[in-house]
Structures are given as C-alpha cells and as structure tokens.
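[1] pasting the sequence and the predicted coordinates here, then a few questions.
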Amino acid sequence: MGSACIIRGEIPAEEFALYKALSSSPDIEFEIERIIETGTEAAMPLVWVRGADHETVENVFENDPSVRDIELLSAFDDEQLYRMEWVTEVDLVLQMLTNSEATITDAYGTDGRWHLRVLYPDRDSLSKTTDFRDDEGLTFDITAIRELEGEPAGRYGLTTEQFESLEAAFEAGYYEVPRDVDQSELAEQMGISHQALSERLRRATGALVEDALLVGAVPDRDGKS
C-alpha cells in the first residue's frame, strides 16, 4: 500500500462546483476552509470568498446552479465566509472523500481553475481517484506528489540542505530576538558560503510558508536547493 502522500492538482472550473461563479467573475477568489461529505450526491464546504462585496457575491451565487442552501457565516469588507451545499460537478470530490478516504486540505479557486491539495492514506487510494478520473473523462492534473515518510525534509517540501540549514540556524539561536548568531557566523560554522546559506534559508522559508498557508496562489517550488 505504501505511505501516505500529499498531492497537488488542478481542475478546470467547468468541471467543478462554483463553475459559473468562477467563469463569470475572474477577479473573485474562493478558498475552501473544509469540505464535509454529506451523502452520495452532495458536499458541504465552508468557503471564503474574496475580491468582491457581499452584494456582488450574493448575485454570483444566485446565478450558479452548482450550489444551494447558501448561508453567510461572517462578513468583512471584501471577504465573506459561507456555508453551502455543492450539488453538481462534485463527483470527483465525493470519490476522493468516500472511495479513496482522502482529505482535501486546501482548495483554492480563481481565474477559471481550482487548485487542490489532497492527503491520501496511500498510493492505492490515489490510484482509485486517477482511475475514476480517467473512466469518467474528468480532468485532474496532478502537479506534485510528496510522500509522507523518510526524512523530515521531504514531508515539508524541503531539500535536505534546506532542512539542515534551518535546523542549524534554529539551534544556534539565529531566530532569537536579538539573534545569538548572524548569517556570516552561522555559515562559517556550517562550512558553507554566506551566499549559499542565505539562499537556503530564504528558499526554505518560502517553501514552509507555501506548504503551510498557500495553495494555488503561487507556483510550486519543489526541488530548489
């Protein structure tokens, strides 16, 4: 069966819920807080909507046949949190949640595409989704796969060098306020150049921020050292 894995993938708006909202309002962003499977034909997500005022968002939802039972939970200037039911174009999502026993940890929709990050219990479960995709003629373009086993670096999207640099910096007090060591001193301790250390720390920090906070909003940076 293998270990659990996290995959990143993309789905065109026309093959996913809120397809009309995304295609008609390219400036609006949708970010899924969580998705609950509510049966064999629907899913209930909590959705953050950004980039438009409440009235505009309500009009967009009214004209989108993929959603129903929309409830506004909270609203700020141009950001609202809704609970709703997705009732069409959710076959792939339901397959992930039920047959593959996966968890959709992030889903971000904007400019005609959805970007998903999905945690699968093993590779066999991922294969069930890809087989379903192919059998049903759906689109789910997998852009990255990360195995959740082995060295800690790989679990967080870091190279071994990036992980070791972060670990050394933390242990040496580089992240203390004030710092116990500067980059030049730390680089000398590690036996690498100041430039190499600076690049590793910068890229490692970017990878951690992307892994923890972002999906779809920025391109993948896997593989950079």
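    Okay, I see it. Numbering: from 1, shown residues only.

[2] against the centre of the chain, work out the most remote residue.
    In the chain, the residue that sits farthest from the middle, by CA atoms, centre = their mean, is Glu188; the gap is 36.6 Å.

[3] in a helix, it, correct?
    Yes - under DSSP: H, G, I helix; E, B strand; the rest coil, Glu188 falls within a helix.

[4] which residues touch it?
    By CB atoms under 8 Å, 6 or more residues apart in numbering, the contact set of Glu188 is empty. Any C-beta I mention is one placed from the backbone N, CA and C, and that applies to glycine too.

[5] domain parsing for this protein?
    Here the domain assignment for the chain is 5-147, 152-213, based on automatic domain parsing.

[6] show me where pLDDT drops low in this protein?
    For the chain, the stretches with pLDDT under 70 are 1-2, 37-40, 149-157, 210-225.

[7] so where do the strands sit in it?
    Ranges of strands within the chain are 5-12, 29-37, 43-50, 67-75, 79-86, 103-110, 113-120, 141-147, based on DSSP state E.

[8] each with direction, which strands does the fourth one pair with?
    Sheet pairing of strand 67-75 (DSSP bridges) gives strand 79-86 (antiparallel).

[9] which positions in the partner strand come out as buried?
    Buried residues in strand 79-86, counted by 16 or more other CB atoms under 10 Å: Glu79, Gln80, Leu81, Tyr82, Met84, Glu85, Trp86.

[10] list the contacts of it.
    Strand 79-86 is contacted from outside by 17-18, 33, 38, 42-50, 54, 57, 61, 66-75, 93, using CB under 8 Å, 6+ apart.

[11] 7 Å instead?
    Outside strand 79-86, the residues within contact range by CB atoms under 7 Å, 6 or more residues apart in numbering are 17, 38, 42-50, 54, 57, 66-74.

[12] please apply the same query to stretch 63-77.
    Stretch 63-77 has contacts (CB under 7 Å, 6+ apart) with 17-21, 54, 61, 80-89.

[13] how does it look with 8 Å?
    Stretch 63-77 has contacts (CB under 8 Å, 6+ apart) with 17-21, 24, 46, 53-54, 61, 80-90.

[14] start and end of that stretch, how far apart?
    22 Å (CA to CA, to the nearest Å).

[15] in that stretch, which residues are buried?
    For stretch 63-77, a neighbour-count test (16+ other CB under 10 Å) marks Asp64, Ser66, Val67 as buried.

[16] for stretch 12-22, same thing?
    Within stretch 12-22, the residues that count as buried by 16+ other CB under 10 Å are Pro12, Ala13, Glu15, Phe16, Ala17, Leu18, Tyr19, Lys20, Ala21, Leu22.

[17] what is the burial count for the residue nearest to Gly9 when sequence neighbours are not counted?
    Nearest non-adjacent residue to Gly9, counting by CB to CB, 6 or more residues apart in numbering: Ile142, 4.7 Å away. By other CB atoms under 10 Å, 15 other residues sit near Ile142.
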